[in-house]
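Engineer: just to be clear, the model below is a prediction. Sequence and coordinates:
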Amino acid sequence: MIERSKEIALAGVLVLAASAAVFAETKVEPLSSSVQRDEDVPAAYVDRSVFCPPAPQGFVATVRPVASSLIQGPIEMGFEPSEGETSSVGAGEAMVPDAESGEPLDVVGYGALPAASTVTAFKSPVDGLGAAACSSVASTEWFFPAGSSANGFDERLVLYNPFPDEAVVRVTFFTEGGELNKASLADVPVSSRDTTTIIVNEFILQRRALGIKIEAIRGRVTAWKTVVAKTEDRPHGATTTLGAPATAPLWYFPSGALGPGNDERISILNPSGKEALVGITIVTDEETIQPPELMEIAVPRNSELDVKLGSAVGEKFSGPVSVVVRSLNQTGIVVERSVFYGAGKMTGYASEIGAPEAAERWWLGAPGTALDTDSIVIFNPGQETAEIDIALSGAGFQAIGPPPTMQLASGERLRIPLQELTNGAAVVAHLTASSPVVAERVGYSGALKDFSALMGLPIAP
């Protein structure tokens with residue numbers, strides 16, 4: 001199982017219609033105030049658009065977006081490219097249009113910013129499931145800590161330019177030994193309102209751990225990566241991840257699993273010119289684990305480091321975990337968690353960049369459709385007990401409340417199963433807490449034999 005942590009029975013617990021507390025007017029903040037939008041693009045378009053990825057070229061896959069409102073009451077939403085059609089989306093509704101796997105998609109909100117994510121079902125080169133956040137920002141920088149060009153891995157970058165002018169990017173690779181640059185990736189064009197797919201394995205061979213930085217030297221782009229894993233000694237699977245547009249000194253991961261059959265790794269990218277001293281803390285359902293070898297890890301400047309958590313913990317613990325990664329000397333880093341799940345009948349591969357902050361409100365997209373498991377995992381890193389309310393948005397749902405408020409004590413983690421309520425539909429979740437928490441959505445598809453993970457989107461008041 002992907003999680004065996006505390007569960008909350010949902011009968012009578014969730015309100016599936018929107019409440020004023022969840023859907024008060026909000027704005028999604030970028031991770032860094034340095035991320036700016038192009039001044040030559042109409043503000044009404046850029047400020048209210050969310051950019052969604054297609055499947056990478058060369059993979060056989062189907063992409064389905066899911067989008068909803070972030071405000072109380074209905075808003076008009078549309079999709080580009082389209083024929084200009086829009087729909088009124090209420091507080092308890094979500095839109096799930098069909099999308100061709102080869103086209104990027106912009107979700108446009110008229111009067112307010114929407115939120116959106118995508119679900120990708122892979123059919124070739126492996127069956128697999130991926131979920132990725134759409135982005136409300138285009139940035140000059142994107143980071144991906146966890147990648148690989150080793151045998152059995154196929155990693156592809158998808159760069160999307162939503163603006164009228166061509167963008168040009170430079171791709172830099174990072175290994176444990178330092179920085180790698182390829183002349184053929186120093187000047188990569190990304191056409192206006194189009195995508196460019198970069199097949200990493202064609203440029204870097206036989207690197208088990210590989211971090212990536214994408215730098216726009218002209219214009220701005222949005223960047224995702226897809227990794228297909230088809231190794232002989234691990235379960236097969238696929239994963240899709242939105243990059244991080246900025247470094248941070250602190251990263252949270254609510255979901256994960258250790259123990260025989262599971263392989264969880266924490267990939268730390270330090271793209272700066274200063275060494276980073278990093279501490280990793282593991283939180284189980286019963287205790288906090290701080291192995292001595294994880295208390296102070298040196299990550300050299302301009303490098304990437306993979307940490308295998310199972311090797312540090314050993315046989316002391318087996319089960320679900322949350323992880324906190326902190327830069328002890330405040331050097332900016334980017335951190336990603338990847339897990340091969342193989343401890344039971346449900347197997348697969350999932351990877352996700354962490355959350356650099358806790359928040360009182362979260363938007364959580366669907367991790368898949370027709371899922372066997374669908375859960376929200378919440379971690380409370382603060383000093384106060386958090387009171388938590390959850391609402392779901394999707395077509396055809398009705399309220400089953402009023403619900404009791406869930407409580408999560410300081411330093412604890414919680415798993416909330418949703419599959420009996422969502423019934424396999426692509427449904428988004430809205431979480432409100434009385435104090436800052438971190439939330440992630442995870443799911444498993446028996447048909448595709450794979451897991452997916454999708455970090456929540458923090459929403460600022």
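Structural biologist: Yep, that arrived.

Engineer: list the beta-bridge partners for T240.
Structural biologist: Beta-bridge pairing for T240 (DSSP bridges): T226.

Engineer: likewise for the one 4 residues further on?
Structural biologist: Following DSSP bridges, A244 is listed with bridge partners F143.

Engineer: over to A67?
Structural biologist: M95, A116.

Engineer: quick check: which ranges of the stretch 351-461 of the chain have low pLDDT?
Structural biologist: 395-404 (pLDDT under 70).

Engineer: one more time with 80
Structural biologist: By pLDDT under 80, the low-scoring segments of the stretch 351-461 of the chain are 394-405, 422-426, 461.

Engineer: over to the chain?
Structural biologist: 1-48, 70-75, 81-86, 89-102, 111-112, 315-316, 394-405, 422-426, 461.

Engineer: does N201 sit in a helix, a strand or a coil?
Structural biologist: Here N201 is helix, with the state taken from DSSP: H, G, I helix; E, B strand; the rest coil.

Engineer: roughly how far does it sit from N151?
Structural biologist: 10 Å (C-beta to C-beta, to the nearest Å). For every residue, glycine as well, the C-beta is placed using N, CA and C.

Engineer: what comes up buried for the helix or strand encompassing V278?
Structural biologist: For V278, the element it lies in under DSSP states H and E is strand 276-283. Residues of strand 276-283 classed as buried: A276, V278, I280, T281, I282, V283 (neighbour count, 16 or more other C-beta atoms under 10 Å).

Engineer: before we move on, the earlier item: which of N201 and N151 has more neighbours?
Structural biologist: N201 (17 against 12; other C-beta atoms under 10 Å).

Engineer: surely M77 and Y110 touch.
Structural biologist: Yes - at 7.1 Å, M77 counts as touching Y110 under the criterion of C-beta atoms under 8 Å.

Engineer: among these two, which residue is more densely surrounded?
Structural biologist: Taking other C-beta under 10 Å, M77 and Y110 do not tie; M77 has more neighbours (26 against 13).

Engineer: look up which helix or strand that one falls in, please.
Structural biologist: Secondary structure (DSSP H and E) places M77 in strand 75-80.

Engineer: send the alpha carbons of that strand over as CSV?
Structural biologist: C-alpha atoms of strand 75-80 as CSV (Å, rounded to 0.1, in the frame of the first residue of the first chain):
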residue,chain,number,x,y,z
ILE,A,75,-16.5,32.2,-12.7
GLU,A,76,-16.2,32.0,-16.4
MET,A,77,-13.5,29.6,-17.6
GLY,A,78,-12.2,28.6,-21.0
PHE,A,79,-9.4,26.6,-22.7
GLU,A,80,-6.9,27.7,-25.3
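
Engineer: quick one: list the elements packing against it.
Structural biologist: strand 86-89, strand 105-110 (3 or more C-beta pairs under 8 Å, 6 or more residues apart in numbering; DSSP states H and E).

Engineer: identify, out of these, the most deeply packed stretch.
Structural biologist: Here the criterion is mean neighbour count by mean count of other C-beta atoms under 10 Å, and of the helices and strands packed on strand 75-80 the winner is strand 105-110, at a mean of 22.
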